[in-house]
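> Sequence first, then the predicted structure:
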Amino acid sequence: MRISILTIRGLVQGVGFRPFIYRIANEMKIKGEVGNRNNGVSIRAILTPEQRELFISRIRNEHPAVASIHSVQWEEADVADTDYPDFMIAPSRSDSEEVTQVAPDIAVCPECLSDWMRQPHRLRYPFINCTHCGPRFSIIRDLPYDRKQTTMAAFAMCPDCRREYTTVSDRRFHAQPVACNHCGPFYYAIYNNVKIKEYDKLLDLSVRLLREGEVIAAKGIGGYHLICDALNGEAVARLRAIKQRDSKPFAVMFRDMGHLRHYAEAGPVEEDCLSSWRRPIVLLKQKKALADDINRGMRTLGCMLPYMPLHEDWFAALDTPALVMTSGNLSDYPIAITPDEAVEQLSGKVALLLHHNRDIHNRVDDSVLQVCGGQPCLVRRSRGYVPEPFFADIPVEGILAFGAEKVNTFALGKGDTILQSQYIGDLKNWETFSFYTESLDRFRHLFRFTPSLLVCDMHPDYLSSQEAERIAARTGLPLLKIQHHHAHAAACMLEYGLHEKVVAIVLDGTGLGDDGKVWGGEFFLCDRKEYRRLSHFEYVPLPGGDKAAVEPWRMAVAYLWHYWGDSARFPESFPERVGADKIRLLMTMMERGVNTPYTSGAGRLFDAVASLLGLCDVSTHQAEAPVNLEQAAGSEQSARYPVIIKEGVISFRPLFEGLLNDWASGVSVGDLAARFHNTMAFLLLDEAARHLQQTGATRVVISGGCFQNKRLTEQLQCLFAAKGIPLYVPGCIPCNDGGVAVGQLAIAASRNKKD
């Protein structure tokens, strides 16, 4: 018998794909079978050429909304002794080292919320799900994606769930986390030394505590959250004390889109992102204030919508339009995922610890994005996105990229896909580094990955680089070290499939340069293999080294001392805030070269200006000063200061001179901040245009943490569009150090490619 064998690759497991294939096969009266394999979904069917063409067309055009198809391959084969009386769903098989995509965790779907209100065995069941929604990556241990390979293996299905699970026409057919009130996971808590397991009692208790202004912790899909009423200032202040977080803004979950629109401005693209099955936190312009301490001094607000039935239950019982919803951990720790971790960090600090007994195998924070010029741009890539891969346009098999030091992710190459980890965090914290190494091991196991080439940042002090060194020494595998800013540029190039030489503008806080200095304000001519530095921000002292990054006043002194020495003048309020003695001591330190490396980092320039304007002298969290500077900027889009460019070095002496003169003349902080941003935008445009003309390149890519600045990025999008210069802005891959691993892997693959 001659049959067609179709192999479908992409996000096609755990999303209702086999029942979908079964349905259209029956509609078309096709005989055969469909089954999961390690590398995707396999279909064996008796097809005429006309049927095959229509069948493939319907698969591509009618597949489930969460699914995505990367490729459909087919071949014909003669098979003896095969009889297909009808079409069936075959058992899953693990028959190769290839792997398919693993679905990210998916927000509860409208159909399940409807069932939640009417199905007798699932009334108000907080873990309701189907093939279109529910936990995926957070619970998976191994492939192929079957219940026994997930943390749901601990729960035996009741007869009702088993019937749904085995009925092809049911929406829960082979929904691996399927469960109900009779057989599934449940919430529980220890309150006043009494264990409570009844969901209604737990819901009433948590609602009462939230109404009373308490802070509670609850286990969700990818970890615990800390929660309080977003309109209760005392509760938010209590939450700040628990988190040991002085001023970093909190994310807020709104009851629904209508209430969100009342407090924040959301355009069509933002609303699409907010309501998508991924349910990220989206940064929006705030219209109306919530409690002051949520985002004091900010004009933006991190917003999200409910994505679990528990969230819906809270809002149904509470009057508040919004809840603060932040990661359940102490500062610098990874998000807690086990009751033991939650108790260790939060017991005695919160009024209630609400646990559940479904294990989280892979911890995942909420994802964060903002929309720049109509383009969604990820800031933190985690729940709802990971481990969805990037498809590479060159071979990447066996390449393991270890990433950067802060906002770390790692990445590995499997076949023609790049699998980027979830957001890890700052590796300098031991607990976070343990999360990093644990996740490395789990990705390698889940995706059947055997490394053949290691790649890391060239900075020897990064813990990610040191881990790469250790593995290289133990295994004898080759290790490639990549310049930090080239990796930033290459990540953006990979996202857009660019191979030709481009002008890359990379602005961030720090990265080791070829000359041993700290880079961060860079213009490159590069492709994915190599780069050439075209121009850069002027080197200035970095007094105290890393300490200057957390005390922006040091950079204000450094810039003015660099340009004017001991005769540097400061705004009157600056020495009053910082202290004249500390300023003199820092100047002496720079004069003598004591613990004073040099940097071209753009982040430190933003720090200096923010401190001079009185916006942030000491940072309590990463990038606080640049964020405050962006938030303070007024609407003026044209007034700017001059700069000096000589032999590829960009000096900001005229900028500081103009800034100080305007300050003395009484120009407002908002206008000064706007003029600084305008200066940066026009500088980047003019310098990019000059380099394009000189090099013959035709495209510009931007990357680096400074481009999380929405005002600057959108201004560049407008300016470059007006000049007709193609500008590529990172969207799917974060522009901050969370994208460095993907760039490292892209460079390694290009250098490894056999031409």
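That came in fine, so what should we check first?
> For residue 626, list the residues it contacts.
603, 606-607, 610, 706, 709 (CB atoms under 8 Å, 6 or more residues apart in numbering). No exception for glycine: its C-beta is placed from N, CA and C like everyone else's.
> If any of those are buried, give me the ChimeraX selection for them.
Buried members of these, defined by 16 or more other CB atoms under 10 Å, are picked up in ChimeraX with:
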select :603,606,607,610,706,709
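> Any chance of JSON lines for the contacts of residue 626, columns pLDDT?
JSON lines is the format used below for these (pLDDT from 0 to 100):
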{"residue": "603", "pLDDT": "97"}
{"residue": "606", "pLDDT": "98"}
{"residue": "607", "pLDDT": "98"}
{"residue": "610", "pLDDT": "98"}
{"residue": "706", "pLDDT": "98"}
{"residue": "709", "pLDDT": "98"}
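> any idea which of the contacts of residue 626 is closest to residue 288?
residue 709 (24.1 Å; CB to CB).
> would TSV of the contacts of residue 626 with secondary structure be doable?
Output for these, formatted as TSV (DSSP: H, G, I helix; E, B strand; the rest coil):
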residue	secondary structure
603	helix
606	helix
607	helix
610	helix
706	helix
709	coil
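> ok, so of the contacts of residue 626, who is nearest residue 490?
residue 706 (17.5 Å).
> ok, the closest one touching residue 604?
No. Counting by CB atoms under 8 Å, residue 706 stays clear of residue 604, with 10.5 Å between them.
> Can you list the low-confidence ranges for the chain?
80-82, 94-100, 755 (pLDDT under 70).
> Break it into its domains for me.
For the chain, the structural domains run 2-89, 102-185, 187-356, 389-482, 536-728, going by automatic domain parsing.
> Number of residues surrounding residue 257?
14 (other CB atoms under 10 Å).
> and what of residue 375?
As a burial measure, residue 375 scores 15 neighbours (other CB under 10 Å).
> That one contacts residue 731, doesn't it?
Yes. The pair residue 375 and residue 731 qualifies as a contact (CB under 8 Å) at a distance of 5.4 Å.
> thought residue 701 was touching residue 493?
Yes. Contact between residue 701 and residue 493 holds when scored by CB under 8 Å: they sit 5.9 Å apart.
> which residues are in contact with both of these two?
502, 504, 728.
> Helix or strand: which one has the closest residue to the last one other than its chain neighbours?
By that I understand residue 728. Leaving aside its chain neighbours, residue 728 sits nearest to residue 701 (4.4 Å; criterion: CB to CB, 6 or more residues apart in numbering). Using DSSP states H and E, residue 701 maps to strand 700-703.
> That strand pairs with which strands?
strand 502-507 (parallel), strand 727-728 (parallel) (DSSP bridges).
> any idea which of the ones you listed is most buried?
strand 502-507 (a mean of 28; mean count of other CB atoms under 10 Å).
> Now find how far off-centre that one is within its chain.
22 Å (CA atoms, centre = their mean, to the nearest Å).
> Distance from the chain centre to the helix or strand following that strand, please.
Once strand 502-507 ends, the next helix or strand along the chain (criterion: DSSP H and E) is strand 521-526. Computed by CA atoms, centre = their mean, the chain-centroid distance of strand 521-526 equals 25 Å.
> Then stretch 143-159?
The answer for stretch 143-159 is 28 Å, by CA atoms, centre = their mean.
> Distance to residue 512 for the domains of the chain - can I get that in CSV?
Listed next are the domains of the chain as CSV, based on distance: least, CB to CB, whole Å:
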stretch, distance to residue 512
domain 2-89, 36
domain 102-185, 33
domain 187-356, 23
domain 389-482, 4
domain 536-728, 10
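> closest to residue 748 out of those?
When the domains of the chain are compared (using CB to CB), the closest one is domain 389-482, at 4.2 Å.
> Need the distance between the two termini of that closest one.
Domain 389-482 has an end-to-end distance of 22 Å (criterion: CA to CA, to the nearest Å).
> chain center to it: distance?
With CA atoms, centre = their mean as the basis, domain 389-482 stands 16 Å off its chain's centre.
> where exactly do the strands run in the stretch 251-400 of the chain?
For the stretch 251-400 of the chain, the strands defined by DSSP state E, counting those that start in this stretch occupy 251-254, 264-265, 281-286, 300-304, 322-327, 352-356, 368-372, 375-380, 390-391, 399-401.
> The first one pairs with which strands?
If I follow you right, that is strand 251-254. strand 300-304 (parallel), strand 322-327 (antiparallel).
> how about those, which one is nearest residue 151?
Residue 151 lies closest to strand 322-327 among these, at 20.3 Å (CB to CB).
> Tell me the helices and strands packed up against the helix or strand where residue 438 lies.
Under the criterion of DSSP H and E, residue 438 resides in helix 430-446. For helix 430-446, the helices and strands in contact under the criterion 3 or more CB pairs under 8 Å, 6 or more residues apart in numbering; DSSP states H and E are helix 463-475.
> Quick one: name whatever helix or strand follows the helix it packs on.
Following helix 463-475 toward the C-terminus (DSSP H and E): strand 479-482.
> tilt between the very next helix or strand once past that next one and strand 502-507?
For strand 479-482, the following helix or strand on the C-terminal side (DSSP H and E) is helix 484-495. Computed by axes from the mean of the first three to the mean of the last three CA atoms, to 10 degrees, the angle separating helix 484-495 from strand 502-507 equals 120 degrees.
> Can you tell me which helices and strands helix 484-495 packs against?
Using 3+ CB pairs under 8 Å, 6+ apart: helix 484-495 touches strand 502-507, strand 521-526, strand 531-537, strand 700-703, strand 727-728, helix 740-752.
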